[in-house]
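Participant: pasting the sequence and the predicted coordinates here, then a few questions.
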Amino acid sequence: MQPLIYKAPIVELQINPSKVAVALGDHAELELDAEKRVVVYLLKESRLPFGLGRQSRIRAGLLSPQAADIISPALARDAVLRVRVVEVEPAFVRSTARGSICLSVWGNPNDLE
């Protein structure tokens, strides 16, 4: 696997990173929706003790249009991608009063053609 996108922001963020407890290295999934936009889902482990419960899948928002253009061919082919959170900015740090999450996408560069 090689880095396909080093850092791409999630636009139209639908969650508060602090309330969902988003952390660096959290896993994420990407999907194409009906309008051919790339939707980002965060995968959060259960908060129950001893690993009880199941993993939750939380819709976080959309991948930025520039990054979506790059990664869409790989998603259309159902390529294996590794998506991780690489930056989290809580709302109280930003001047816009909204949090920010950035992702890194790794995969096979041949899947982008």
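Facilitator: Perfect, thanks for sending it. As the structure is a prediction and not an experimental result, all values here were calculated from the model.

Participant: which positions in the lengthiest helix in the chain come out as buried?
Facilitator: In the chain, with assignment by DSSP state H, the single longest helix is helix 65-76. For helix 65-76, the neighbour count (16 or more other C-beta atoms under 10 Å) marks 67-68, 70-72, 74-75 as buried. Every C-beta, even on glycine, is put in place using the N, C-alpha and C of the backbone.

Participant: the helix or strand following that helix pairs with which strands?
Facilitator: Using DSSP states H and E, the helix or strand that follows helix 65-76 in sequence is strand 82-89. Partner strands and pairing direction for strand 82-89 (DSSP bridges) are strand 27-32 (antiparallel), strand 100-107 (antiparallel).

Participant: put the alpha carbons of the helix or strand of the chain with the lowest mean pLDDT into CSV.
Facilitator: Within the chain, no helix or strand scores below helix 17-20, which has a mean of 84 by mean pLDDT, DSSP states H and E. Taking Å, rounded to 0.1, in the frame of the first residue of the first chain, the C-alpha atoms of helix 17-20 are listed here in CSV:
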residue,chain,number,x,y,z
PRO,A,17,-15.3,15.5,17.0
SER,A,18,-15.1,16.0,20.8
LYS,A,19,-18.5,14.4,21.5
VAL,A,20,-17.9,11.4,19.3
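
Participant: name the residues that touch it?
Facilitator: Outside helix 17-20, the residues that touch it by C-beta atoms under 8 Å, 6 or more residues apart in numbering are 42, 44, 58, 88-91, 99-101.

Participant: go with 6 Å
Facilitator: For helix 17-20, contacts defined as C-beta atoms under 6 Å, 6 or more residues apart in numbering pick out 88, 90, 99, 101.

Participant: most neighbours of all the residues you listed, which one?
Facilitator: Tallying neighbours with other C-beta atoms under 10 Å puts Ile101 at the head of the contacts of helix 17-20, with 23 neighbours.
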